[in-house]
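A.B. asks: can't give you the sequence, but here's the structure:
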């Protein structure tokens, strides 16, 4: 089978794991290789005619299930409203000390939401002040539980300006980076995408979105706090908060506490990053993806040769 067809199948397989059909343009954007668009269109048409993939309206999928199209259309409508809310959340959070960039991540960044969706946020902080910023923001989040809006403030991935490069380099992280919707911090996200140019190895057709981000404006609270902690005391406080938080999360993992999605709570962290433990979800997903692609390619070879 020609490589372009294998690439199309692998792309659809990834998003089929999330029951998310793709448009023609989206399939092309998420291909792992660059091809002339005419060659891509011919391959897509051939796979559709032979019944290897299925087309419903303007969407393509490996599953012969029209409900996926209904689900996506409804999810896109809900996402449009939730993205507006996320913009307002970004306007609030950017006022906190040491916050340099905010972006929408997770399923919402893929333009999908349902009644159970959270607003997942990717945060970039100033160098060596990630834990001060994170602690202040999560103290604020405690207040949102009082009004049952905590699902709007899922600040689960932090990096600081010292370490913008994401160390896990695979299709999952490349897509997560490539689909971020920056809300605040145009300059820092330009640098972030530069540091993560390795994503081009996985998504050569994907353009990163920086234009959606606003320039960061400083609030009085932000300016005063940063002025007071721009010293050795600030360094000591940041280190102390890191140790306290890591200890608390280690206890949660040891007790096998689960989050709202049923996964055991775990955090990978260091001086310049704080994120969900990739071993809890990422490794399992990538293994599933590899098995799925292998199975699909074997099945499609049998279909085209029979």
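C.D. replies: Done, it's in. Keep in mind that this is a model prediction, so the values were computed, not measured.

A.B. asks: ok, residue 6 touching residue 294?
C.D. replies: No - Residue 6 is not in contact with residue 294 according to CB atoms under 8 Å; the separation is 11.0 Å. The way it works is simple: take the backbone N, C-alpha and C, and place the C-beta from them, glycine included.

A.B. asks: which intervals of the stretch 1-150 of the chain have sub-threshold pLDDT?
C.D. replies: With pLDDT under 70 as the threshold, the stretch 1-150 of the chain has no low-confidence stretch at all.

A.B. asks: helices of that one, start to end?
C.D. replies: Taking DSSP state H, counting those that start in this stretch as the criterion, the stretch 1-150 of the chain contains helices spanning 3-16, 24-29, 37-49, 67-93, 130-144.

A.B. asks: list the buried residues in the first one.
C.D. replies: So that's helix 3-16. Along helix 3-16, these residues count as buried under the neighbour rule (16 or more other CB atoms under 10 Å): 4-16.

A.B. asks: same deal with the second one?
C.D. replies: Buried residues in helix 24-29, counting neighbours by 16+ other CB under 10 Å, are found at 24, 26-29.

A.B. asks: also the longest one?
C.D. replies: Of the residues in helix 67-93, those buried by neighbour count under the rule 16+ other CB under 10 Å are 68-69, 71-72, 75, 78-79, 82-83, 86-87, 89-90, 93.

A.B. asks: and the angle for it with helix 3-16?
C.D. replies: Interaxial angle of helix 67-93 relative to helix 3-16 (axes from the mean of the first three to the mean of the last three CA atoms, to 10 degrees): 70 degrees.

A.B. asks: next, the angle from helix 67-93 to helix 130-144.
C.D. replies: Orientation of helix 67-93 against helix 130-144 (the same axes, to 10 degrees) gives an angle of 110 degrees.

A.B. asks: which helices and strands does helix 67-93 pack with?
C.D. replies: Counting contacts by 3 or more CB pairs under 8 Å, 6 or more residues apart in numbering; DSSP states H and E, helix 67-93 is packed against strand 59-61, strand 99-104, strand 120-125, strand 181-184.

A.B. asks: so which of those gets nearest residue 273?
C.D. replies: Ranking the helices and strands packed on helix 67-93 by proximity to residue 273 (CB to CB) places strand 120-125 first, at 9.9 Å.

A.B. asks: just checking: what are the partner strands of the closest one?
C.D. replies: Partner strands and pairing direction for strand 120-125 (DSSP bridges) are strand 99-104 (antiparallel), strand 154-160 (parallel).
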